[in-house]
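> Curious how this folds, go ahead:
(2 chains)
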Amino acid sequence: MSEKNTSLAFDALVVGGGIAGGEAALNLATNGFKVLVVEKDLSVGGKMIHLSKVFPTLDCSACITTPKVSEISRHPLITIFTETEVKGIVKNGENDFDAKVVRKPRYVIAEDCTGCQLCEEACPVNVPDQYQYGLVGRKAAYIPFSIASPRVAAIDIENCTLCGACERACPTKCIDFTQKPVEYSVKVRTVVVATGFNLFDPVNIPRYGFGEYKNVITSMQMERQLAPTRPFHTILRPGDGKMPDKIAYVLCTGSRDASVGNPICSQICCMYSIKQAQLLMGALPMADITIYYINIRSFGKGFEEFYEQAKGMGVNFVKGKIGKITENAKGNLILRYEDINENILKEAEHDMVVLSVGVLPNTESEKLFVDKSLQLDEYNFVKQPEQLVSPAKTSIKGVFVAGTASGPMDIPDSILSAGSASSEAISYLNNK
Amino acid sequence: MNKKLGIYICHCGGNISDYVDVEKVKKAIENEEGVAMAKTTMFACADSNQKEMVEDIKSNGLDGVIVASCSPKLHQITFRAVTERAGLNKYNYVHANIREQASWAHSDDKAGATEKAIHIVKAAIAKVRYAESLEPIKIKSKKAVAVFGAGVAGMKAAIELANMGSEVFLVEREFFVGGRTAQWDSVCTSNQSGGEIVSELYEKIKNHKNIILYTGAEAESYSGSIGDFHLKIRIKPSFVKSEFKKENIEKAISVCPVEVDDEFEFNLKKRKAIYQNKESEFPKRPVIDNINCTRCGECEKVCENIDFSQKEETVDLHVGSILMATGFDPYLPETGEFGFNAIDNVITLSQFQRLVSASNKELIYNGKKIKNIAYIYCVGSRQSEGENKFCSRYCCTTTIHSSIEAKKKFPGIFNFHFTRGIRTYGKQEALYHESSKMGDIYLQSYENDPPVVDIQNGKTIVKINDILTGTKEMMVEADLVVLVTGMTPRAENSIGSLFKLPKGRDKFFNEIHMKLRPVETVIDGITIAGTCQGPKNIAESVNSALSAATKSFSYVSKGELELEPIVAEVDKDTCTWCGICSEACPFDAIKKVDYNGKAVAVINNSNCKGCGMCLPVCPSDSIELIAFSNKEIESMIKLLAKD
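Numbering: from 1, shown residues only, chains lettered A, B, ... in the order given. The predicted model follows:
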């Protein structure tokens, strides 16, 4: 399949270019080590770059992520491969790993693309935009998103009709349908696993009606509606484009729920829902917002105060798990739940429902090593054999884990975990 | 004066452009004198725009750049770096804040916000015209770090710093290392004992050639700044010779007539004025507690290893960075708070953990066998009235862990949890599940209606209006009431005061930015790790300790540091040394020197933070702040006053 086999050598391989991988790479590079960051997506920045504002400080997420991303991209000791997957790492001995990585074709000569977006205008194909979580469409020839890094076009070959419109429109002639996957053999001395997490797909809880009722959306879709690079410039419910005025949040969707195979708490959903509720009160001053919860877990620095602030602003908190959601003729949703405080079954009508979806492991991390020697824990996160004293250590000496690859975590904890992983990696590299 | 200026007005993806008409701002300033180009941009900080800026500066030959965007706290460094990459001296960059100062502050008045933004940008133009190229101040940085606190965070940080190649001075106030972890017999969620963890770390510290450990040691004074801190450390004498015989010490302990509360056991037990380390503490040695010792001399009579002639020592340390890992204090309930100190079977979580650890076969407190235990959560945390608004993060999980341990160790125990909603976040949820499966009873109080601890017919009763059973009043007759006490900032914070470390609303040490600079403080060169920054469990403390170690190492690794050249400058010819500036300086940066036979003030550049406190107090107007010179500020004021 591969066009050529190219050999490369680095001190460290960082798998994953999200905020944890980026932070670990920067720390390593600042200390003089040569780093390769491998990112499977078209842009680095992970999930954080798509968020609106972040709790509990309400900093603009893009404003924090983009300069970090920029710093990583231009660091002389860091090489980034986007649209690239790790196809197997072998440990030969201490400080000696062989990694096979495959860079998929983007069908665009990245160095020549100016990001002018003329190909986008020309492309006749319209498909759901994965970076706006399906809220709007995008073209088959497209810039992933406005603050992507690199901000370079890509061709979605699955959906491309090969009509050639983009080729004709491109002023720098950088579209190249002849590109093939390139396989690289990379020698590295340490590996940092920063493969992140997956979001729970609420289709797996049919009684909530996600995918069936248009006005039931996920929290990530709401996040996009609130982000600076939002699709609609206001908050709309997808069913009819109406601005909602009675919004419900369903916490623990896919978390603390053994029936969907995820018994643990996702650690972030309470807080991001409280944050979204506060942002919604700014965006839709007249709207009522209700958060249905089992327990509110505002445990981090400044979190409890942030929760109290939301209560003070008028966000309605109802202790009760949602049993079932149905839709009425107006497209509104009827939530059936047990109001625990009053100990009675109730029904409430809302015109939009946000499912606060949980954090699932990215099981791809198990496949990174050819012999599956990177062990996972009982929840399929990367196992931490010395979880207290050396949380970054994994089952393989010389391989370290950063961020949510080892379990649910918020952004500050991911960054500290990345600092921990890079610190252990530096020690490992120094003690060759 | 005749600079060629480039100006970028940032939308900040709506953060600015939702309230400030950025196109109008651009139009208003693009014809100002010297403005060669003006642009609006979606995200000025995005990589693509940074690249464009570099191109613009080079191709237009710009020699002054302004970005009107967010607070300089966030991105001044980012854009200075951009200017530098384009070959321009970075001090020809001026940052204009039209987000915090215009769009966010005046979101109710779009026209006014736009007008204000125009003024802010114009003032920046006035300033950049006078901006001068500056070179950073280069100072030597000592490749050594002082770590304060030898709990799990401080020890991990010390080991990692030493591994990276720095000299490390680990300074512990107590006579023994181990911190709070040493007091925990079983830690969640790894089922190790605290002692195992401490002993493993202590072995590494003891054997590491780069680490010097001082116990019974405290910082007395400090001077200097990043790269060049001078610390004076005071080391308490132990009054026991370093060579000692175990049996002699045991005799000395048995004859010592002074009995005091044992802090390690949270006052559940007594110790003598001469005492030894606990099994989980290191180094293994006896010490005499100077505060309580009466010098009766009994111990000397039976033990030849006592030496009352030992004196307090001081050592001088020279380090490039300081890492603070000074930990927390468990909350101490007030007398009467849920019956604490008023009802005899009410204890704290810390005491309970020691009690479980010290008991064998049966759990006995105050001579009574314990069967029913009531745990009251959030004592000293999430207070609506008191100061501690924050959640202490570790207590739900720790209590559940301890209650499971107790139940396993002492069959027949019943656990009743009086909660405010359990917060076993992440994988810790599994413990909550395990505990529920073991038959523990969980109750939850209403926010404004906490449980009540009371005596009825000589029995201790805990009452609650329980949410989970539908507002039923529930009562439990408890043999032991455990108050789940949270973490609080250290009560004795002289070291924080010494370094003038800022605290947050929660009174823990404060980081600069939770996400961008989570282990740095506003005092350059001082980092923070572990629970002195806020409640954390062991793994979280270790992560923050290693992050802080990496950051501290970056200050000292190269042996040289570049500092901001924005410092005060004294005109020696007009200065007549009155000393007022020196008194006004909060950083001890101004000294008297001799200049051509007269006394004048001189600024120590590595201490000066450019705060400007010395400027207005100078009676002869002899001090200027570089990059904020009188002519720069006056030109800004003139412009603002003109419109």
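> Distance of A:V191 relative to B:N341?
As defined by C-beta to C-beta, to the nearest Å, A:V191 lies at a distance of 54 Å from B:N341. For the C-beta atoms, the positions are set from N, CA and C on the backbone; glycine is no exception.
> meant to ask about B:I7
Per C-beta to C-beta, B:I7 is found 66 Å from B:N341.
> Pick out whichever of the two has more residues nearby.
Comparing B:I7 with B:N341 by other C-beta atoms under 10 Å in any protein chain shown, the one with more neighbours is B:I7, at 28 against 12.
> Check whether the more buried one really touches B:V121, as I assumed.
Yes. The pair B:I7 and B:V121 passes the contact test of C-beta atoms under 8 Å, sitting 6.8 Å apart.
> Retrieve the pLDDT associated with residue 197.
Going with chain A. Listed pLDDT for A:F197 reads 98.
> My question was about chain B, not that one.
96.
> what do you get for B:R85?
92.
> likewise A:Q375?
Here, the pLDDT recorded for A:Q375 equals 97.
> residues contacting it?
By C-beta atoms under 8 Å, 6 or more residues apart in numbering or on different chains, the contact set of A:Q375 is A:V382, A:K383, A:P385, A:T394, A:S395.
> Of the residues you listed, which is the nearest to chain B?
When the contacts of A:Q375 are ranked by distance to chain B (C-beta to the nearest C-beta), A:P385 comes first, at 9.5 Å.
> Does the closest one touch A:I396 like I think?
No. Using C-beta under 8 Å, A:P385 is not in contact with A:I396; the gap is 9.9 Å.
> More neighbours: the two, which one.
Neighbour count, other C-beta under 10 Å: between A:P385 and A:I396, A:I396 has more, with 18 against 12.
> looking at it, B:Y442 is touching B:H433, isn't it?
No. Using C-beta under 8 Å, B:Y442 is not in contact with B:H433, being 11.4 Å away.
> Spit out the residues that contact B:I7 and B:V121 alike.
Taking C-beta under 8 Å, 6+ apart as the criterion, B:I7 and B:V121 both touch B:I29, B:I66, B:A68.
> so who does the first one touch?
Neighbouring residues of B:I29 by C-beta under 8 Å, 6+ apart: B:I7, B:V35, B:A38, B:I118, B:V121, B:K122, B:I125.
> how about JSON lines for these, with secondary structure and distance to chain A added?
JSON lines is the format used below for those (DSSP: H, G, I helix; E, B strand; the rest coil; distance: C-beta to the nearest C-beta, whole Å):
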{"residue": "B:I7", "secondary structure": "strand", "distance to chain A": "19"}
{"residue": "B:V35", "secondary structure": "strand", "distance to chain A": "25"}
{"residue": "B:A38", "secondary structure": "strand", "distance to chain A": "21"}
{"residue": "B:I118", "secondary structure": "helix", "distance to chain A": "22"}
{"residue": "B:V121", "secondary structure": "helix", "distance to chain A": "19"}
{"residue": "B:K122", "secondary structure": "helix", "distance to chain A": "24"}
{"residue": "B:I125", "secondary structure": "helix", "distance to chain A": "24"}
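> most surrounded residue in those residues?
Among the contacts of B:I29, the one with the most neighbours (other C-beta under 10 Å) is B:I7, at 28 neighbours.
> Quick one, grab the pLDDT at that residue.
96.
> cool, and A:S414?
97.
> What's the local residue count around B:F508?
By other C-beta under 10 Å, the residues close to B:F508 number 22.
> Please disregard the earlier target; I meant B:Y202.
If you count neighbours by other C-beta under 10 Å, B:Y202 ends up with 22.
> A:G261 now?
A:G261 has 12 neighbours, counted by other C-beta under 10 Å.
> List the contacts of A:R106.
A:L42, A:E83, A:V152, A:A153, A:A154, A:I155, A:Q179.
> Spatially, what comes nearest to the residue of the stretch 101-250 of chain A found nearest chain B if we skip its sequence neighbours?
Closest residue of the stretch 101-250 of chain A to chain B, C-beta to the nearest C-beta: A:P228 (2.5 Å). Closest residue to A:P228 apart from its sequence neighbours, by C-beta to C-beta, 6 or more residues apart in numbering or on different chains: B:G13 at 2.5 Å.
> What of B:D524?
When the adjacent residues along the chain are set aside, B:D524 lies closest to B:I226, with 4.1 Å between them (C-beta to C-beta, 6+ apart).
> Report pLDDT for the one you found.
Here the pLDDT value assigned to B:I226 is 91.
> unless I'm mixing things up, B:S606 is touching B:I139, no?
Yes. Checked against C-beta under 8 Å, the pair B:S606 and B:I139 is within contact range at 4.9 Å.
> With neighbour numbers in mind, choose between these two.
Neighbours were counted for B:S606 and for B:I139 using other C-beta under 10 Å; B:S606 has more, 21 against 16.
> quick one, what contacts the more buried one?
Neighbours of B:S606 in contact, by C-beta under 8 Å, 6+ apart: B:I137, B:I139, B:G224, B:S225, B:I226, B:G227, B:D228, B:L563.
> what do you get if the cut-off is 6 Å, keeping everything else the same?
Contact partners of B:S606, counting by C-beta atoms under 6 Å, 6 or more residues apart in numbering or on different chains, are B:I139, B:S225.
> ok, now how distant is it from B:E167?
From B:S606 across to B:E167, the span is 20 Å (C-beta to C-beta).
> next one: A:F33
22 Å.
> same question, B:Y442
Going from B:Y442 to B:E167 by C-beta to C-beta gives 51 Å.
> swap in B:C296?
Taken as C-beta to C-beta, the span from B:C296 to B:E167 is 42 Å.
> Which parts of the stretch 201-350 of chain B are strands?
Applying DSSP state E, counting those that start in this stretch to the stretch 201-350 of chain B gives strands spanning B:211-214, B:217-225, B:228-235, B:259-261, B:270-272, B:274-276, B:286-288, B:313-319, B:321-324, B:328-330, B:346-348.
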